[in-house]
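> How does the following fold in three dimensions:
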Amino acid sequence: MENHVKIWNVYGARVPRGRFFDAMILLFKILKLRHRSVDIFLLRGKDMVHLKKRSFLNASHGKKLPQGHRVVDVLAFPATPHFPHPEETHAPLGEMYLNYDILKADFGRGVLLAIHGVLHLLGYRHERETDAARMEQKEHVLWRRIASLD
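Sure thing, here's the model as predicted:
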């Protein structure tokens, strides 16, 4: 029934268990996610911007990223349904990339951003105002529950 949360630092080495890892395990429990896995990559701010530009270019078929993306805090890429993952014993949610500079400077904001990323992996979106409000409300409810258990 345990979930797999794998956290990788900017150099690709696995990050040992700690407060952030514990917060992610709590998040999975609160969301009642069972037998699921997620890979979380902690990248420096400049690498996050570069990844956003690359992923936007691929998704938009060569269009340039709109101006104003100097800071990228979190990116989430859901797993492709029915894609085989023989190395995984748990169904993958996907990959999340979190700005390590933000997490290091403000742990609480970093956890809130990770919650945001996991909700994206679960299918939440914020293109429409009503969706954004629903997602934001869910983020704050989850944040309060995690903070109260910390």
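
> Could you list every helix and strand in contact with the longest helix along the chain?
Taking residue count as the measure and DSSP state H as the definition, the longest helix of the chain comes out as helix 129-149. Helices and strands touching helix 129-149, by 3 or more C-beta pairs under 8 Å, 6 or more residues apart in numbering; DSSP states H and E, are helix 19-30, helix 107-121. All C-beta spots, glycine's among them, are computed from the backbone N, C-alpha and C.

> Report the buried residues of the least confident helix or strand in the chain by mean pLDDT.
In the chain, the helix or strand scored least confidently by mean pLDDT, DSSP states H and E is helix 45-59, which has a mean of 78. Along helix 45-59, the positions that meet the burial threshold by neighbour count (16 or more other C-beta atoms under 10 Å) are 47-49, 51-52.

> which two in these are spaced the farthest apart?
Greatest spatial distance in these: Asp47 and Lys52, 9.7 Å, computed using C-beta to C-beta.
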